[in-house]
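1. mind looking at a prediction? Sequence and model below.
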Amino acid sequence: MHLAYPAVLAALLFCVGLYGVLARRNAILMLMSVELMLNAVNLNLVAFDVWLQERLHTGQALALFTIAVAAAEIGIGLAIVLLVYRTRGSSEIDRLRDLRETDTGPDAGAASGADGPEEQAGVQATTDSGRQTS
Amino acid sequence: MTLTEAGHGAVAEAAAHPGFLSPTGVEIVFVLVGLATLGAAVVTVTTKKLVHAALWLVAALGGVAVEYLLLTAEFIAWVQVLIYVGSVVVLLLFGLMLTKAPIGPSPDADSGNRPVALAAALVSAATLVTLVVDAFRTTWIDLGTTGRGSTRVTGEALFRGWVLPFEALSVLLLAALVGAIVLSRKGKAARPGDGHGGGGTRTSGHGRTGRDGEAQG
């Protein structure tokens, strides 16, 4: 088999995942796209391992490690997404803009947002607790 | 070895193998499964229905598992089926369920920077495919000998050469498990103490600041 086939497939899968990460608004859909990108990397690892025929099977061992790290990542990521959903009432990453830099200072940025006064209160509470822990 | 000698060697090596116009059976199956995988992945990142995205992700990950089988990496293929299709997608479905994802189509699944994302993906795809095809046009994988990626071979490689990374990985998984539990418990522990009753952690944020004020005062 030509090595070009799995390599091209992996490159295309990676770019599909890249599009998903950049274009999706829901955080869980973004995590799905990250999984697609990780799978593209795994496909590359396995293909190159079969090509190089190493004694230690570096590519396959690394693919196994990547799968385990991806499982850990999806667990932590979903826990964070659920925490954000519980705190904010939505898991849309477009709205998580508290750490955004603004030209006129953080207060004007928070006031000019399209969210209601409750959202501002939540922002205030978050920054307060963050300041307390730091 | 100079570059021209390497080039000549590559050309001679390519001449010894069948070209792209006379594919072997494995290559035909690989391309067909690859097209199905790619289509499922594209539907995953473009569909408006959130639960359907998870189900198409199953198809894409299963297609990648079949590609592993075609590349003789048997053990990786079954690990892929067990972990990705078996647990990661179930976790994602639980996440969708717990964040109250709508069953029907949700029109705001894509954010406003979709054209930029499409342009970035197309440019990177063109660059990567050009580069990869140019680099590995003449490289041939010898799939002849059997059992190269079987469970026995992979297990021997893993537990002879990679024992220490394997154990470090188990510690990492334990840390991730504990971290996920801590992240999930923190909101629950803050809620009964604030005294405002229900309404989510936004009220618990107020409670936390109140307590902080008491601690400072």
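-> Received, thanks. Residues are numbered from 1 along each chain as shown, chains lettered A, B, ... in the order given.
2. quick one, domains of chain B?
-> B:19-108, B:162-217 (automatic domain parsing).
3. would you turn the ones you listed into a markdown table with mean neighbour count, distance to chain A and mean pLDDT?
-> C-beta coordinates here come from the backbone N, C-alpha and C atoms, glycine included. As requested, those are arranged in a markdown table below (neighbours: other CB atoms under 10 Å in any protein chain shown; distance: least, CB to the nearest CB, whole Å; pLDDT from 0 to 100):
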| stretch | mean neighbour count | distance to chain A | mean pLDDT |
| --- | --- | --- | --- |
| domain B:19-108 | 18 | 3 | 90 |
| domain B:162-217 | 14 | 3 | 64 |
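4. give the closest residue to B:Ala120 in space, chain neighbours not counted.
-> Leaving out its chain neighbours, the residue that sits closest to B:Ala120 by CB to CB, 6 or more residues apart in numbering or on different chains is A:Leu22, at 6.0 Å.
5. swap that for A:Val46, please
-> Spatial nearest neighbour of A:Val46, excluding adjacent residues (CB to CB, 6+ apart): B:Ala73 at 4.6 Å.
6. contacting residues around the one you found?
-> Counting by CB atoms under 8 Å, 6 or more residues apart in numbering or on different chains, B:Ala73 touches A:Val46, A:Asp49, A:Val50, A:Gln60, A:Ala63, B:Gly149, B:Thr154.
7. distance of the second one from B:Val51?
-> By that I understand A:Asp49. Separation of A:Asp49 from B:Val51 (CB to CB, to the nearest Å): 35 Å.
8. go on, the third one?
-> For A:Val50, the distance to B:Val51 equals 35 Å [CB to CB].
9. let me have the contacts of B:Ala73 in TSV, extended by neighbour count, pLDDT and secondary structure.
-> Shown next, in TSV, are the contacts of B:Ala73 (neighbours: other CB atoms under 10 Å in any protein chain shown; pLDDT from 0 to 100; DSSP: H, G, I helix; E, B strand; the rest coil):
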residue	neighbour count	pLDDT	secondary structure
A:Val46	26	93	helix
A:Asp49	26	90	helix
A:Val50	24	89	helix
A:Gln60	28	91	helix
A:Ala63	29	93	helix
B:Gly149	23	68	coil
B:Thr154	22	87	helix
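10. ok, so of the residues you listed, who is nearest B:Gly62?
-> Distances from B:Gly62 to the contacts of B:Ala73, taken as CB to CB, are shortest for A:Val46 (15.4 Å).
11. the closest one contacts A:Gln60, doesn't it?
-> Yes. Taking contacts as CB atoms under 8 Å, A:Val46 lies within contact range of A:Gln60: 6.3 Å.
12. then stretch B:51-65 to CSV, C-alphas only?
-> Coordinates of each C-alpha in stretch B:51-65 appear next as CSV, following Å, rounded to 0.1, in the frame of the first residue of the first chain:
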residue,chain,number,x,y,z
VAL,B,51,-27.2,14.2,18.8
HIS,B,52,-26.8,13.3,15.1
ALA,B,53,-23.3,14.8,15.3
ALA,B,54,-22.4,12.4,18.0
LEU,B,55,-23.8,9.5,16.0
TRP,B,56,-21.9,10.4,12.9
LEU,B,57,-18.8,10.7,15.0
VAL,B,58,-19.4,7.0,15.8
ALA,B,59,-19.3,6.3,12.1
ALA,B,60,-16.1,8.3,11.6
LEU,B,61,-14.3,6.6,14.5
GLY,B,62,-15.4,3.2,13.4
GLY,B,63,-14.1,3.9,9.9
VAL,B,64,-10.8,4.9,11.4
ALA,B,65,-10.8,1.6,13.3
